[in-house]
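**Q** sequence unknown, structure follows:
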C-alpha cells in the first residue's frame, strides 16, 4: 500500500496542474501574488538552512557517470587530510522518532581519512584474498571488480588489514592484540596479525569471540579505522543537514535501496542483471563527493569504525571514542546499498557483533597527523 503525503489546501493549491492554476490565478495581480509566495518561501529556506547549500560546488550536486575512476590505484591508498575542529555530532532528536538520538559537541585533532572505501583490489593486495560476495557467488575473479568496495568483512578482518598495511608500508602498527589464553591473569600484547592468526586461527574461529582483546598504540602512525566521531565529522563536511548535501536523498547521489522514508518515495534503483555483481555495490567514486572530496560517505557499503557501541558523552569532549578490551558490538556508519535512506543519515548509528559479515558492510581507513 502506498502512503501519500497529506497536503494542506494551500499546498494543494500551489502544486496544482497548470490548467487549474490558470483558472485560479487568472488575473495578473493574482499571478504576481503567487510569485511572491514562492519567492518568500525560497528566501526563508535559504536563511533557515544555510549549511545545506553548496554554493561554491554546485557541480557536485549533478549525477556523475557510474564508470569508476580508472586512475584509482590499488596501493597506496589515497588519503585526504582534515584539519579537525568542532561540530555537533549525532542524529537530530525526534527526526525519526529514535529514542537513542542525541546531539553533543565534539572536537577533533587533525587526521587523514581514505578518499574512497577500501576496494576489493586493495584488500586482495594486502590480505592475499578477496572475501567479497561476488567472488563467493561466481567463484571467479574479474579485474573490473577491483574498484568495487570490499564487502563481507568482519570488524576483526579490518583490524588485521590495517596492521598488515602498516607493516607493508613501514609504518608503526596501531593495534595490539592479546595472544595469551590466560587473560586477564597473563597478558601478551602482539602487533603482528600473522601471530594473531597462528594463535587463534582464522577470524571465523570461535576463539576470536572468546579471546579477542585489543588496544591502541595511541601515537602510532599506521593505518586504523576512523573513530565514530572522526567518521561523522568527515561525512558532514561542516553541514548540519540530515545528509551532507540536503534533508532528503535521491538515487543519483548515493547507492542505496531507494526508499527515502520519512520523505517522499522515489523509484528503486535497478538491480544488477544475472552475471553481474550480485551484491549491489558500485565502483567507488561513482557518485558525487561531499564538500571535502570524500566519496560514498552515504551508501554503497556501510563502514566499520573503531568504537564499540555505547552512550554518547554527557559533556563536550576532544578526540572522543569508546573502547574496551573485551569483545562487544562495534559500530558501523553510513548505510549500504541494501539500506533505506534512514540508515544513510550522517548522524545515524548501527552496530553488530565484530565477527559479523555482510555483503553490504565494508570500511575505509584513517591515520593520525603527526606534527613535526
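**A** That came in fine, so what should we check first? A quick note: this is a predicted structure, and the numbers were derived from the prediction, not measured.

**Q** which one's the longest strand in the chain?
**A** In the chain, with assignment by DSSP state E, the single longest strand is strand 302-308.

**Q** name the strands paired with that one and say parallel or antiparallel.
**A** strand 330-333 (antiparallel), strand 361-362 (parallel) (DSSP bridges).

**Q** of all the ones you listed, which lies closest to residue 300?
**A** strand 361-362 (7.8 Å; C-beta to C-beta). Any C-beta I mention is one placed from the backbone N, CA and C, and that applies to glycine too.

**Q** before we move on, the earlier item: other SSEs contacting whichever helix or strand comes after the longest strand of the chain?
**A** Downstream of strand 302-308, the next assigned helix or strand under DSSP states H and E is strand 317-318. Strand 317-318 is packed against strand 104-108, with contacts defined by 3 or more C-beta pairs under 8 Å, 6 or more residues apart in numbering; DSSP states H and E.

**Q** do that again at 7 Å, thanks
**A** Packing contacts for strand 317-318, counted by 3 or more C-beta pairs under 7 Å, 6 or more residues apart in numbering; DSSP states H and E, involve no helix or strand.

**Q** which other residues reach that strand?
**A** Counting by C-beta atoms under 7 Å, 6 or more residues apart in numbering, strand 317-318 makes contact with 106-107, all of which sit outside it.

**Q** do that again at 6 Å, thanks
**A** Residues outside strand 317-318 that contact it (C-beta atoms under 6 Å, 6 or more residues apart in numbering) are residue 107.

**Q** what ranges does the stretch 101-250 of the chain have for its strands?
**A** Using DSSP state E, counting those that start in this stretch, the strands of the stretch 101-250 of the chain run over 104-108, 111-114, 175-178, 189-190, 214-216.

**Q** residue 320: neighbouring residues, count only.
**A** For residue 320, the neighbour count with other C-beta atoms under 10 Å is 18.

**Q** can you give me the helices for the stretch 201-350 of the chain?
**A** Assigned by DSSP state H, counting those that start in this stretch, the helices in the stretch 201-350 of the chain fall at 206-211, 228-236.

**Q** and residue 302, what does it touch?
**A** Applying C-beta under 6 Å, 6+ apart, we find residue 302 in contact with 332, 334-336, 361.

**Q** that older thread, mind putting the strands paired with strand 302-308 into a markdown table with mean pLDDT, mean neighbour count and distance to residue 224?
**A** Listed next are these as a markdown table, based on pLDDT from 0 to 100; neighbours: other C-beta atoms under 10 Å; distance: least, C-beta to C-beta, whole Å:
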| stretch | mean pLDDT | mean neighbour count | distance to residue 224 |
| --- | --- | --- | --- |
| strand 330-333 | 95 | 26 | 13 |
| strand 361-362 | 98 | 28 | 16 |
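
**Q** can those go into TSV with extra columns for distance to residue 182?
**A** Formatted as TSV, the strands paired with strand 302-308 follow (distance: least, C-beta to C-beta, whole Å):
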stretch	distance to residue 182
strand 330-333	25
strand 361-362	33
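
**Q** per-domain residue ranges of the chain.
**A** What automatic domain parsing lists as the domains of the chain is 9-48, 79-368.

**Q** where's the one residue sitting closest to the centre of the chain relative to residue 313, distance?
**A** Nearest residue to the geometric centre of the chain (C-alpha atoms, centre = their mean): residue 334, 2.9 Å. Residue 334 sits 22 Å away from residue 313, going by C-beta to C-beta, to the nearest Å.

**Q** the closest residue to residue 350 other than its chain neighbours pairs with what?
**A** Closest residue in space to residue 350, ignoring its immediate chain neighbours: residue 332 at 5.4 Å, by C-beta to C-beta, 6 or more residues apart in numbering. Per DSSP bridges, the residues bridged to residue 332 are residue 304, residue 350.
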